[in-house]
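Asks: Here you go, sequence then predicted model.
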Amino acid sequence: MNPADIAREAFRRLATRRIAPTPSAYREIYNEIAGISEPADTPAAPAAVLAASANVEKGAESGAENVLTQFAARMSESAGELGDFGRRFQRALKARDWDSYARILAQLAEKQVKKGGGIELPPLPDGEQTRTLRELLSRTLGFAVATLLTGTPALVEEAESLGAAIKQAHTEEALNEAALRLKQLCYQIELKSGDTAEQQELLLRLFKLLLDNVSQLLDDDSWLRGQVDAVQNLIAGPLDQRALEDATRSLKEVIYKQSQLKHSLSDVKLTVKNMMMTFIDRLGQVAASTGDFHEKIGGYSEKISQAENISELNSVLDEVLRETRMVQNEALRARDKMVLARQEVQDAEQRIHTLEAKLQHMSELVREDQLTGSLNRRGLDDVFERETARSDRRGTPLCIAMLDLDDFKRLNDTYGHLAGDAALKHLVKIVKETLRSMDVIARFGGEEFLILLPETTVEAASSTMTRLQRELTRHFFLHDNEKVLITFSAGVALRQPNEDQAELVKRADRAMYQAKQTGKNRVVVAD
């Protein structure tokens with residue numbers, strides 16, 4: 001043991017044994033702990049030796065008194081009850097009342113010493129910030145973390161218990177214990193998160209396999225293909241909460257409208273089926289009438305062969321003519337009804353084609369951005385593939401322009417996200433009103449848009465974007481009747497021979513960022 005530990009243990013033993021902390025008593029206890037043996041009694045020493053011994057004892061007493069003084073001073077600097085004990089020690093030292101000092105030390109030992117022999121640690125300072133942090137951590141564990149751990153009751157119980165323990169932890173020992181439990185809890189959560197991520201990955205793989213199998217069973221023009229492709233594109237990229245909500249809302253609307261159209265389609269097909277049955281019935285009636293007519297004609301032939309005079313022949317001839325007219329009228333009526341039925345079938349077939357076209361259009365809705373009405377990434381891919389094929393076939397130029405609203409974050413921060421959404425819709429509206437019907441705008445991400453300009457040179461595309469900037473400046477965006485000026489920076493790129501979409505977009509994107517860096521509200525042509 002080092003001298004400091006020996007000194008603390010000596011004070012503790014003086015207190016527990018209720019011995020006055022005199023220098024001699026302290027020295028005796030100190031020697032006992034340190035294993036220092038006192039020299040045996042010796043015969044009377046010369047006066048010089050006695051004087052030297054006295055000086056040594058006096059020096060030891062002075063050193064012990066200094067230790068007791070320092071101990072009292074340190075105690076008096078403590079807060080609360082420990083500070084009161086320190087001040088009482090100081091008063092006893094000032095009066096050099098060692099008996100009082102011993103009684104105070106004994107009282108301190110009785111109050112502070114635990115069964116294990118350790119001294120109870122004083123509470124940590126508990127200021128307003130400390131209480132706030134403890135309360136926040138307790139709520140985080142007891143509510144937020146526990147909610148996220150639903151499905152694992154043991155971890156939920158530990159999180160709630162740890163939150164309550166931290167709220168009541170006012171000593172260093174309690175905080176250390178809570179820190180150890182928190183470390184274990186974090187480790188368990190990490191293990192659980194790994195298992196959950198693996199399960200999600202397996203479910204995504206299973207879902208992708210199912211969609212691939214369904215897609216192979218569909219015709220290329222099936223109205224279901226658009227929905228399947230939209231879901232496939234969604235799960236192929238990073239999953240985003242907003243993207244999932246938009247896709248779910250879009251698919252729900254499409255499915256609802258398609259269910260109505262499918263019901264109408266079923267009604268039309270049933271009508272066609274009924275008309276065909278009527279058509280067949282009419283044919284049967286014509287066949288029956290014709291058969292009766294042939295039988296009657298046979299009977300009339302026999303009557304003619306047996307006729308003996310002109311009068312009988314005229315009577316038979318009248319009956320033949322009457323039956324012939326009846327059959328003719330019946331045939332004409334059947335022909336008119338069959339012509340009408342045929343027209344009705346043709347009309348029903350046309351309605352079927354119209355309804356199927358509507359179903360196909362409803363399927364295409366999943367290719368639109370739900371906020372702005374422009375195309376989404378899937379719609380852009382389809383149009384780009386079509387326009388590049390046409391450009392290659394005809395040898396015509398194809399340009400794209402990448403747009404990005406300037407200071408869009410500041411607009412959101414100043415006026416709110418609803419105003420930001422309205423600004424995006426305003427931009428798309430101005431673009432559609434300004435550009436040609438053959439030009440296409442698609443939302444590329446966030447506040448970025450891509451405009452496809454078929455049969456357009458790069459100079460014309462640059463001029464078109466400049467004209468669009470002027471139009472956007474002329475038509476102010478209104479927010480709560482306040483005019484807000486919005487601008488955009490643009491990069492224009494001409495597609496090179498056999499250049500794919502990714503490389504073309506990359507060049508336009510670089511040009512757009514160059515426009516941003518050189519002052520915004522500019523148009524830069526890509527190299």
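Replies: In hand now; what should we look at?

Asks: mean confidence score for stretch 15-29?
Replies: For stretch 15-29, mean pLDDT is 76.

Asks: Equivalent analysis for stretch 153-165, please.
Replies: Averaged across stretch 153-165, pLDDT comes to 82.

Asks: in it, what counts as buried?
Replies: Neighbour counts over stretch 153-165 (16 or more other Cβ atoms under 10 Å) mark Leu155, Val156, Glu158, Ala159, Glu160, Leu162, Gly163, Ala165 as buried. In short, each C-beta sits where N, CA and C put it, glycine included.

Asks: from the residues you listed, which single one is nearest Ser489?
Replies: Nearest to Ser489 out of these is Ala159 (Cβ to Cβ; 48.1 Å).

Asks: Give the helix, strand or coil label for the closest one.
Replies: helix (DSSP: H, G, I helix; E, B strand; the rest coil).

Asks: which ones are touching it?
Replies: Residues near Ala159 by Cβ atoms under 8 Å, 6 or more residues apart in numbering: Leu141, Gly142, Val145, Ala146, Leu149, Leu185.

Asks: contacting residues for the second one?
Replies: Taking Cβ under 8 Å, 6+ apart as the contact definition, Gly142 lies against Ala159, Glu160, Gly163, Ala164.

Asks: Kindly recompute the last result at 10 Å.
Replies: Val156, Ala159, Glu160, Ser161, Leu162, Gly163, Ala164, Ile166, Lys167 (Cβ atoms under 10 Å, 6 or more residues apart in numbering).

Asks: before we move on, what about the fifth one?
Replies: Residues in contact with Leu149, defined by Cβ under 10 Å, 6+ apart, are Leu155, Val156, Glu157, Glu158, Ala159, Glu160, Leu185, Gln188, Ile189, Lys192.

Asks: For it, what are phi and psi?
Replies: Backbone torsions of Leu149, given as degrees, to the nearest 10, read phi -100, psi 20.

Asks: between the buried residues of stretch 153-165, which is nearest Asn498?
Replies: Nearest to Asn498, judged by Cβ to Cβ, of these is Leu155 at 56.2 Å.

Asks: Isn't the closest one up against Thr147?
Replies: No - under the criterion of Cβ atoms under 10 Å, Leu155 makes no contact with Thr147, lying 11.4 Å away.

Asks: any idea which of the contacts of Ala159 is closest to Asp509?
Replies: The closest of the contacts of Ala159 to Asp509 turns out to be Val145 (Cβ to Cβ; 40.6 Å).

Asks: neighbours around that closest one, how many?
Replies: By the criterion of other Cβ atoms under 10 Å, Val145 has 20 neighbours.

Asks: so who does it touch?
Replies: Arg139, Leu155, Val156, Glu158, Ala159, Glu160, Leu162, Gly163, Leu185, Cys186, Ile189.

Asks: pLDDT averaged over stretch 384-398 - what is it?
Replies: For stretch 384-398, mean pLDDT rounds to 92.

Asks: re earlier: would you list the contacts of Ala159 in TSV and tack on secondary structure and pLDDT?
Replies: Shown next, in TSV, are these (DSSP: H, G, I helix; E, B strand; the rest coil; pLDDT from 0 to 100):
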residue	secondary structure	pLDDT
Leu141	helix	72
Gly142	helix	72
Val145	helix	74
Ala146	helix	70
Leu149	coil	73
Leu185	helix	78
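
Asks: From Ser489, how far off is the closest residue to Asn376 other than its chain neighbours?
Replies: Nearest in space to Asn376, with sequence neighbours left out and distances taken as Cβ to Cβ, 6 or more residues apart in numbering, is Asp369 at 4.7 Å. Separation of Asp369 from Ser489 (Cβ to Cβ, to the nearest Å) stands at 20 Å.

Asks: And these two? Which one has more around it.
Replies: Set Asp369 next to Ser489 and count neighbours by other Cβ under 10 Å: Ser489 wins out with 25 against 22.

Asks: I'd like the distance between Arg205 and Val440.
Replies: Taking Cβ to Cβ, one finds Arg205 at 34 Å from Val440.

Asks: which residues in the stretch 51-200 of the chain form helices?
Replies: 81-94, 98-112, 128-139, 146-148, 153-168, 172-217 (DSSP state H, counting those that start in this stretch).

Asks: between the contacts of Ala159, which is closest to Arg522?
Replies: Nearest to Arg522 among the contacts of Ala159, counting by Cβ to Cβ, is Val145 at 48.8 Å.

Asks: show me the contacts for the closest residue to Thr456 other than its chain neighbours.
Replies: Distances taken as Cβ to Cβ, 6+ apart put Cys399 closest to Thr456, at 4.9 Å, once the chain neighbours are dropped. Applying Cβ under 10 Å, 6+ apart, we find Cys399 in contact with 391, 439, 451-462, 464-465, 492-495, 504, 508, 525-526.

Asks: Could you tell me which of the residues you listed count as buried?
Replies: 391, 439, 451-456, 458, 461-462, 464-465, 492-495, 504, 508, 525-526.

Asks: Name the residues of stretch 496-514 that are buried.
Replies: Within stretch 496-514, the residues scored as buried using 16+ other Cβ under 10 Å are Leu504, Val505, Arg507, Ala508, Asp509, Ala511, Met512, Gln514.

Asks: sorry, back to before: would you confirm that the residue nearest to Asn376 contacts Asp421?
Replies: No - the criterion here is Cβ under 10 Å, and Asp369 misses it with Asp421 at 11.2 Å.

Asks: tell me, what's touching the two both at once?
Replies: Counting by Cβ under 10 Å, 6+ apart, nothing touches both Asp369 and Asp421.

Asks: What is the least confident helix or strand in this protein?
Replies: Scoring the helices and strands of the chain by mean pLDDT, DSSP states H and E places helix 47-76 at the bottom, with a mean of 57.

Asks: more crowded one of Arg205 and Val440?
Replies: Neighbours were counted for Arg205 and for Val440 using other Cβ under 10 Å; Val440 has more, 23 against 11.

Asks: and the more buried one, how far is that from Asn498?
Replies: As judged by Cβ to Cβ, Val440 and Asn498 stand 21 Å apart.

Asks: do Arg367 as well
Replies: Look at Arg367 and Asn498: by Cβ to Cβ, they are 26 Å apart.

Asks: what's next to stretch 160-168, contact-wise?
Replies: 131, 133-146, 149, 169, 174-175, 177-179, 181-182, 184-185.

Asks: Mark which of those residues are buried, thanks.
Replies: 134, 137-138, 141-142, 145-146, 149, 169, 174, 178, 181-182, 185.
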